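Novice: coords please:
(2 chains)
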Amino acid sequence: DTGVSQDPRHKITKRGQNVTFRCDPISEHNRLYWYRQTLGQGPEFLTYFQNEAQLEKSRLLSDRFSAERPKGSFSTLEIQRTEQGDSAMYLCASSLGLGLGPTTEQFFGPGTRLTVL
Amino acid sequence: TQLLEQSPQFLSIQEGENLTVYCNSSSVFSSLQWYRQEPGEGPVLLVTVVTGGEVKKLKRLTFQFGDARKDSSLHITAAQTGDTGLYLCAGDNDMRFGAGTRLTVKP
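Specialist: Now for the predicted structure:
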């Protein structure tokens, strides 16, 4: 296991379609994060899992967005009824966290670039 | 939610020059991370600072954590074109990043 992987790397879709992205974290990492990044900005936090439990969701995550990590390993992020404003880079990161302690040293995947036409 | 402010937002310099970028907050952090991101890729961790007043060096990069653990700086000596990228800071108390400093080093 050499790092965090994301699939696909690029996705072009039409407005109104549903899309799903996958993230495979570093295998021994118990925490997994999803971020969205638009051009010229830093990553914006969307949600985070510790094992299979989704512990926090940003208010940025509208009801069209859902994330799962059913077995505490890989995660999926689904966007329903995509809008042009959803166009962004979607980044996944993982880390090793102790209990509910702070997050440090996240390892990022290469991202999925979504373009909504 | 803590707000991490990074400055400057953009910086363009010639190869060989020195530079400093800043990360400031009104909140106290147990630790703070610096990342560098290249176009089309995810951020890559450069360093974690944990102790107030701490200075860490990574080759030509020097990271300092403020005494009060609310701010940090990154100094690059004799910048090279390979230093070009988006420099991001993140605090450990939640999963929030600053907007970053976009550095361009021209040959």
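Novice: And the residue of chain A closest to chain B?
Specialist: Closest contact between chain A and chain B, by CB to the nearest CB, is at residue A:108 (3.1 Å). Where C-beta positions appear, they are placed from N, C-alpha and C, glycine not excepted.
Novice: ok, now which ones touch that residue?
Specialist: Neighbouring residues of residue A:108 by CB atoms under 8 Å, 6 or more residues apart in numbering or on different chains: A:4, A:91-93, B:35, B:42-44.
Novice: Flag every residue of chain A that's near chain B.
Specialist: Selection of chain A residues close to chain B by CB under 8 Å from any CB of the partner chain yields A:4, A:33, A:35, A:40-45, A:48, A:56, A:91, A:93, A:102-111, A:113.
Novice: Tell me the buried residues within those residues.
Specialist: A:4, A:33, A:35, A:41-45, A:48, A:91, A:93, A:103-111, A:113 (16 or more other CB atoms under 10 Å in any protein chain shown).
Novice: one step back: next one: the residue of chain A closest to chain B from residue A:25, what distance?
Specialist: Separation of residue A:108 from residue A:25 (CB to CB, to the nearest Å) stands at 10 Å.
Novice: Need the residues touching each of these two.
Specialist: By CB under 8 Å, 6+ apart, the residues touching both residue A:108 and residue A:25 are A:4, A:92-93.
Novice: In TSV, list those along with pLDDT and distance to residue A:65.
Specialist: Shown next, in TSV, are those (pLDDT from 0 to 100; distance: CB to CB, whole Å):
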residue	pLDDT	distance to residue A:65
A:4	96	20
A:92	97	14
A:93	94	17
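Novice: just checking, which of these belong to helices?
Specialist: Among these, no member falls in helices (DSSP state H).
Novice: pLDDT below threshold where in chain B?
Specialist: Scanning chain B for pLDDT under 70 picks out B:1-2, B:93-94.
Novice: For the nearest residue to residue B:49 once chain neighbours are set aside, name its beta-bridge partners.
Specialist: What sits nearest to residue B:49 in space, not counting adjacent residues and going by CB to CB, 6 or more residues apart in numbering or on different chains, is residue B:65, at 3.8 Å. Residue B:65 has these beta-bridge partners by DSSP bridges: residue B:72.
Novice: So what's the residue count around residue B:96?
Specialist: 21 (other CB atoms under 10 Å in any protein chain shown).
Novice: how about it, phi and psi?
Specialist: phi -110, psi 140 (degrees, to the nearest 10).
Novice: Hmm, it is touching residue A:45, no?
Specialist: Yes. At 5.9 Å, residue B:96 counts as touching residue A:45 under the criterion of CB atoms under 8 Å.
Novice: Residue A:112 versus whichever residue of chain B sits closest to chain A, what's the distance?
Specialist: Closest residue of chain B to chain A, CB to the nearest CB: residue B:42 (3.1 Å). Note on residue B:42: its distance to residue A:112, by CB to CB, is 10 Å.
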